[in-house]
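Q: Following is a predicted model, sequence given first.
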Amino acid sequence: MDISLDSDQQMLHETAVTFAANVMTPARIRELEETDAGFDASVWKQIAEMGWAGALFPEQYGGSEASAVELALVVEALGQGAIPNPLFSTVIEAGLLLLDAGSPIQRETYLPRIASGDAILTTAILEASGGLRPQEIRTTITKAGNGFTINGTKLFVRDASTAEVIIVAGRTGDEAEDVTLLIVPQNAPGLTLRRMPASGGESLWQATFDNVMVDSDALVGDDGNAWAAIARLQLRGAAFKSAELVGIGQASLDLTVTYAKTREQFGGPIGRFQGVHHHCAEIYRDLQVSRLLVWQAAASLGEGLAGSREVSMAKAKCSDAMPAATRIAHQIHGAIAYYRDYPLELYYHRAIAAQAAYGDAGHHRRVLSELMRTDLDGFRGDNRHDLPVHYF
Amino acid sequence: MDISLDSDQQMLHETAVTFAANVMTPARIRELEETDAGFDASVWKQIAEMGWAGALFPEQYGGSEASAVELALVVEALGQGAIPNPLFSTVIEAGLLLLDAGSPIQRETYLPRIASGDAILTTAILEASGGLRPQEIRTTITKAGNGFTINGTKLFVRDASTAEVIIVAGRTGDEAEDVTLLIVPQNAPGLTLRRMPASGGESLWQATFDNVMVDSDALVGDDGNAWAAIARLQLRGAAFKSAELVGIGQASLDLTVTYAKTREQFGGPIGRFQGVHHHCAEIYRDLQVSRLLVWQAAASLGEGLAGSREVSMAKAKCSDAMPAATRIAHQIHGAIAYYRDYPLELYYHRAIAAQAAYGDAGHHRRVLSELMRTDLDGFRGDNRHDLPVHYF
Amino acid sequence: MDFKLTAEEQAFRLEVQDFLRRELTPNIWLAHRDPTEQGMWTADFTKAFRRKLGAAGYIGMGWPKEYGGGGRNRIYQTILWDEMEYHRAPGIDRSVTYIPNAVIAFGSDAQKAEFLPKMVRGELSWFVGYSEPEAGSDLANLKTKAVEDGDYFVITGQKAFSSDAHMADYGWVATRTDATSTKHHGLTMFIVDMTLPGVTVSEYPTLAGWTHHAVHFDNVRVHKSMMVGARDQGWKVVMGAIDYERGALASAGLVNYQLDRLLAWCAQPREGAAPLLDDPVVRDELVRLAIEAETAKLASYWLASLSAKGLRPQHESSVALLVKRETSRKFDAAGLELLGQFAPLRAGSPAVALAGEVEVEYRDHLYFQFAAGGFDITRNVVATRGLGLPR
Amino acid sequence: MDFKLTAEEQAFRLEVQDFLRRELTPNIWLAHRDPTEQGMWTADFTKAFRRKLGAAGYIGMGWPKEYGGGGRNRIYQTILWDEMEYHRAPGIDRSVTYIPNAVIAFGSDAQKAEFLPKMVRGELSWFVGYSEPEAGSDLANLKTKAVEDGDYFVITGQKAFSSDAHMADYGWVATRTDATSTKHHGLTMFIVDMTLPGVTVSEYPTLAGWTHHAVHFDNVRVHKSMMVGARDQGWKVVMGAIDYERGALASAGLVNYQLDRLLAWCAQPREGAAPLLDDPVVRDELVRLAIEAETAKLASYWLASLSAKGLRPQHESSVALLVKRETSRKFDAAGLELLGQFAPLRAGSPAVALAGEVEVEYRDHLYFQFAAGGFDITRNVVATRGLGLPR
């Protein structure tokens, strides 16, 4: 067992934190939030050039075959810098989905261009209920000639306006998991996009499919058998969003500690008050354990759905604790940080979005509750023990 | 609306607090906890002479027809003084049960002697599951000649060793609420008692009924139809235990504030630290709102089960917040209060018992949850409103 | 002790509800909401609504009769605040709560005669000038100075966090008149006509979307008759009215509205999934919140009951305000989670939940954590003034 | 980074589990439990068990080989602590954790030669004499004085909260050698043979049922060779070993045991009612607790990983200890509620739940809130040493 970063990982993290701290100003970030794209394509190109877009891809697709822990460190750093970027849509959702379930041709087509920062892709899974279970997919996919016809409305599609294709999940049968994935060009006839304004710096879209038609080569994986790959996508999303939440918490703590050291009230810096000590220590405590849960979740991702326990623990904790950290950070700052031009607001917003994405704390506790009910040993994971004394 | 004590109530409360603060020393309280009786009969006689044992009884039975709010003030004060007493067994359970459901002869027999402090009575309701629902009563009552035979084991019987009679609940049919109440002499053949050592200063007993026989005049209320009266007993118990919890919280706060003003560390009283300010303010805040909920619960008791919402809110909040207050009080005290001869330990113990009695916080939240599910308007109580805007 | 409204109180409650439903119809709502204003209503509508409050007799209903008031007790006042908060009406602010009470308590006869009749009709808007960039929680640090010059004082300095200053007719301004003191002594209060030369108002966008203001005083000449209370004794004026203000802010209408709104959200059917209210874990969370909301209601009516008896609640006001605001923040955080994926969506988005109100309040209510004495400062007040702990 | 134990570590874990099951059978348990002792085992059994730990090579396994140690890294050490806590074994205390490390770090060659061989065999019991009645969190306030007299120091004073002093062979005692200083300078550490004339131990019953001790020194003559570190530099010795101590206390065996025990309680069938585990609200509570328990485990192995790399965790130890103890207290409070009516029952009562362990721990663990730096003090340490906030 070794729960610590090795020197390469430490260097990667420092590089990413430095990059994120310097690549754009808060004012530029706020400006980007007003745009349809939501991110700066040239910055994304730089991120790709650092090797981070293709980090998890095999070398043959321009990747560096790093582990999910390394990508989590990058996501944390970009979260800490509040840098808008399409990592989630393009890499964590679409790219890794194609690597997981796509055909060789599909991988060949997209992965190298994702790794180089030249292609934006996204996925469209969620619908009106906002829930993550297969039965909540109501969009229909029907066979039509040599291809498929899609009808339905998707919500929360990241970066749809800049994506060249959208990988959409639709229902092909009555069983809950009769779900199929199709690659749809973003400019396909019948596909309309509408912006979903939201807190959190992501560019989210409603995508309506009105008799959208695609050929049979649009199929990702087996027809009617895509749910397992979607579940893995959601697991990845939850793990990496937890990493982003840790970055948000770190930035909030850093701003707060700096402020507490310099702001003078009642004859000295407010950071000398025990109340401020306790608040800051609480943030740090929760931040550090959240980070450990995230590392564990990322390390477990290689093992398919086996990591569900670890990912749900990370997302549940981070989704509760990191928004709470931003609230405490604001409390210590007081009025100054209530203004839009103080950078803490970026993190306050992002925490709202990140706690919701890929399942909020309640969702992930429900997953763990179900695991406890059906598989108590699995729920205890590596902590399984024989109770030394029997009481009953 | 008037949510405040009138001057008579204020005087009653002050009288009771002063009485409880002076009637015995902490050492004497600890000594009593080691006895079977658990309380001092002469002190109980004094309590009765103050008019508090019969406070809620009609004048014809030696009572003063006061309201439940007044009795709650007395219970709070006795809790604040940590005074062991049989108010719960004798008055709040048995006495008010007989007033509620007993025959004129039963009332005449017991109530005046309860009011004068001459008779100790108790009830035996709970069994192996520890739960408060009718189906959890497994003790059987069968008709036998001109009377009844009782078989079963009761737990958590208060003051059984000093009670002259135990009013026992048993099952007479298969429907959940087929429950009957019988008055059983404590020395009845076949009835055996065993002490249940517990935190909290109460004298609790296991009572085993092995073919215990009583005559038909032992019946309280209608045969097979006693559940409603038992439910009202539990509601009363919960309301008054909430009052006791408030007394426990008040005593913990008082000890803590006094200590914080006098204990010197790091060059001055620890009460000057912001951390101590915040902890004490938290206790005070929770104490004050708990007290308001208790007043409301007591005021609602006159209305039969209609007060269930108010009582469950009070017991749920007090059962969470007052034990937490004793924990914070200990944290501020540090090691000094970890010793048995420091009075805070009395309150720490009593909070453990009082939060459990008549339903813990989880039980009462479950009651409210069920009310929310079945009667949303009832759940909102006097706060019912038409939402001014419709969103859906 | 009586936890039910009397028949007369209940009738007043229904009257206020009728008034609010009539004056805040969905059409009026759509026409006058303004997310760039602190109260979320246009300045014009807020002013017009305040005059309606005045016409209905609501502004002065708790004032002594000698000042044109209705002499009604704090229970009625609390019912009014409660219902206004529940219906998110504009107009319960310093211009009808804090300032009139402070003028009645500390104003000169001339000031009372000039301002109270206008205020009871809802004709005046005020801003309160206490905070400065370097004097937030620590008012003793304030630097805006007033220098005597014949019949005038000349005021120079800068006020921050000046809510509604852009629509104010007058400022209620704390200044330093004794430059040798850096403590509470040496402060003096003035009423400042906002149209005087040298008064300027600047804008600061907040993270909640609305615009806050700051006020600059550049050699503003204020006549001595506009001094409130005695020279150098301004601290008494500040503290004398602050408990009343906290009581007004402590009403529980907001949290009851937050609860009803979440209950409505959780009860609605969902495509492909059962209503959230079917989930016992969700209900347990709502039960916990409902208990907290009940405590906020009880705390506000407890304050009202004490006041109605002629007592002057002090730290009790702080406790009630803390309970209300902490409860509201619990609703804000719980709302985020109960809204799930929909939590971050803003007004105008497809599929937005509850018109985006939960999200915007999650940001807006941040000010509860520091305004009018934040959570920590309020706890210090309770510990020192209420429990007698050393400072 | 690897979150799984290596094969060798896993083998060690199984070996320790075997050892503990063999040495703590139900019969041994019944024979040697003693609620009047802090560790809940008789003093004799604790001493005997410590010698068994020594014989198994567990005490010195993390020490440098030059002192008879096994040179194993902190991962192994943490596995050992973890399993011992889980099985509630006696003997992980200052006598095998804090003191040997402090002797290795600060002791003279003669002290090392005298004490380490005995300690590695588990033959010595120690008490730590820092706290005094007037010096709890504030050690700078300590008053026990040591006055030089030829080759001796004469120690006079009183120590409080002196865990296990009644069974101690030696005391590890902080004294004031510079009477002119009231701060951290001027403290000196001594090893005191508890059989010396003038040492007396008194008893104080705690609210958890066990007996705590205090030690009085009445002109106790201690030879200079028993001074640890330099004169007046005792503060360095105190602080130098405290992080290691916190790390040892931070292992998560206890909270994992608390979780498993509650899961077993909630899974059992009940007469007339479904198992608690069928209730989604109960499961949600257990899930929250399980996540906290996971964080405690990760924090302790994170510390171990840093140490295994040769780093010296400082405030990180405080964080890990805080996480473990706060989590344990959450289990204590949740246990009360999940046990319902049975919560207050004590060992020996009819129908007692989980042998009364939850109730006695709810009282016992109160000391987590103040011992070895309570929650608040630990947070101050994290804020100042970890985050650099001013004191």
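A: Done, it's in.

Q: is any part of the helix or strand bottoming out on mean pLDDT in chain C close to chain A?
A: The helix or strand with the lowest mean pLDDT-type score in chain C, counting by mean pLDDT, DSSP states H and E, is helix C:234-249 (a mean of 79). No: using CB under 8 Å from any CB of the partner chain as the criterion, no contacts between helix C:234-249 and chain A are found, and the smallest distance is 15.3 Å. All C-beta spots, glycine's among them, are computed from the backbone N, C-alpha and C.

Q: Identify all contacting residues around that helix.
A: By CB atoms under 8 Å, 6 or more residues apart in numbering or on different chains, the surrounding residues in contact with helix C:234-249 are C:74, C:77, C:81, C:92, C:94, C:97-98, C:101-102, C:105-106, C:130, C:139, C:174-175, C:177, C:184-185, C:187-189, C:228-229, C:300, C:303-304, C:307, C:312-314, C:317-318, C:320-321, C:324-325, C:372-373.

Q: Using CSV, write down the CA coordinates of that helix.
A: Backbone C-alpha positions of helix C:234-249 (Å, rounded to 0.1, in the frame of the first residue of the first chain) are rendered in CSV as follows:
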residue,chain,number,x,y,z
GLY,C,234,-23.6,58.1,17.6
TRP,C,235,-22.7,54.6,18.9
LYS,C,236,-25.7,54.7,21.2
VAL,C,237,-28.0,55.4,18.2
VAL,C,238,-26.4,52.6,16.2
MET,C,239,-26.8,50.0,19.0
GLY,C,240,-30.2,51.3,20.2
ALA,C,241,-31.9,50.3,17.0
ILE,C,242,-30.0,47.3,16.0
ASP,C,243,-32.0,44.8,18.1
TYR,C,244,-35.3,45.9,16.6
GLU,C,245,-33.8,45.5,13.2
ARG,C,246,-32.6,42.0,13.9
GLY,C,247,-36.1,41.2,15.1
ALA,C,248,-37.6,42.4,11.9
LEU,C,249,-35.2,40.3,9.9
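
Q: Name the residues of the next helix or strand along the chain from it that are buried.
A: Heading C-terminal from helix C:234-249, the first helix or strand you meet, by DSSP states H and E, is helix C:253-267. Within helix C:253-267, the residues that qualify as buried are C:253-266, counting by 16 or more other CB atoms under 10 Å in any protein chain shown.

Q: for stretch C:333-348, same thing?
A: Going by neighbour count (16+ other CB under 10 Å), the buried part of stretch C:333-348 is C:334-346.

Q: With secondary structure added, can I get these in CSV?
A: CSV is the format used below for these (DSSP: H, G, I helix; E, B strand; the rest coil):
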residue, secondary structure
C:334, helix
C:335, helix
C:336, helix
C:337, helix
C:338, helix
C:339, helix
C:340, helix
C:341, helix
C:342, helix
C:343, coil
C:344, coil
C:345, strand
C:346, coil
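
Q: In the chain, what residue spans correspond to helices?
A: As the question left the chain open, I've gone with chain A. Ranges of helices within chain A are A:7-22, A:26-33, A:41-49, A:68-81, A:96-101, A:104-115, A:227-262, A:274-300, A:308-333, A:344-356, A:361-374, A:376-380, based on DSSP state H.

Q: My question was about chain C, not that one.
A: C:7-23, C:26-32, C:43-55, C:74-86, C:98-106, C:109-120, C:234-249, C:253-267, C:280-308, C:315-339, C:357-364, C:375-381.

Q: quick one on the thing from earlier: show me just the buried residues among the contacts of helix C:234-249.
A: Burial by neighbour count, judged by 16+ other CB under 10 Å, picks out C:74, C:77, C:81, C:92, C:94, C:97-98, C:101-102, C:106, C:130, C:139, C:174-175, C:177, C:184, C:187-189, C:228-229, C:300, C:303-304, C:307, C:313, C:317-318, C:320-321, C:324-325, C:372-373 from the contacts of helix C:234-249.

Q: So in chain A, where's the weakest helix or strand by average pLDDT?
A: The helix or strand with the lowest mean pLDDT-type score in chain A, counting by mean pLDDT, DSSP H and E, is strand A:264-265 (a mean of 81).

Q: Next, the angle from the least confident helix or strand of chain C to helix C:98-106.
A: Helix C:234-249 runs at 130 degrees relative to helix C:98-106, counting by axes from the mean of the first three to the mean of the last three CA atoms, to 10 degrees.

Q: Tell me the residues of the stretch 101-250 of chain C that contact chain A?
A: Applying CB under 8 Å from any CB, we find that the stretch 101-250 of chain C lies next to chain A at C:131, C:134, C:136-138, C:141, C:160-161, C:204-208, C:212.

Q: ok, back up a step: so for the least confident helix or strand of chain C, what gets flagged as buried?
A: When neighbours are counted by 16+ other CB under 10 Å, the buried residues of helix C:234-249 are found to be C:234-235, C:237-238, C:241-249.

Q: Kindly calculate the angle that it makes with helix C:315-339.
A: When the same axes, to 10 degrees is applied, the directions of helix C:234-249 and helix C:315-339 differ by 50 degrees.

Q: Next, the angle helix C:280-308 makes with helix C:234-249.
A: 130 degrees.

Q: hang on, the earlier thing: and the residues of the stretch 101-250 of chain C next to chain A, which of them are buried?
A: Of the members of those, the ones counted as buried by neighbours, 16+ other CB under 10 Å, are C:131, C:136-138, C:141, C:160-161, C:204, C:206-208, C:212.

Q: Most widely separated two among those?
A: The most widely separated members of these are C:141 and C:208, with 26.2 Å between them, by CB to CB.

Q: Let me see the contact set for residue C:188.
A: Shown here is residue C:188, whose contacts under the criterion CB under 8 Å, 6+ apart are C:146, C:153, C:174-177, C:227, C:229, C:231-234.

Q: pLDDT at it, what is it?
A: Here the pLDDT value assigned to residue C:188 is 96.

Q: Longest strand in chain C, by number of residues?
A: In chain C, taking DSSP state E as the definition, the longest strand is strand C:211-223.

Q: Adjacent strands (with direction) for it?
A: Partner strands and pairing direction for strand C:211-223 (DSSP bridges) are strand C:152-159 (antiparallel), strand C:199-205 (antiparallel).

Q: burial of residue C:20, as a residue count?
A: 17 (other CB atoms under 10 Å in any protein chain shown).

Q: can you tell me if stretch A:368-379 touches chain B.
A: No: in this structure, stretch A:368-379 remains apart from chain B according to CB under 8 Å from any CB; the gap is never smaller than 15.8 Å.

Q: now the closest residue to residue A:41 other than its chain neighbours: how far from chain C?
A: Distances taken as CB to CB, 6 or more residues apart in numbering or on different chains put residue A:162 closest to residue A:41, at 7.8 Å, once the chain neighbours are dropped. With distances defined as CB to the nearest CB, to the nearest Å, the gap from residue A:162 to chain C amounts to 19 Å.

Q: how about residue A:162, phi and psi?
A: Dihedral angles of residue A:162 (phi, psi; degrees, to the nearest 10) stand at phi -110, psi -10.

Q: Touching, it and residue A:85? I think so.
A: No: taking contact to mean CB atoms under 8 Å, the distance of 11.5 Å between residue A:162 and residue A:85 leaves them out of contact.
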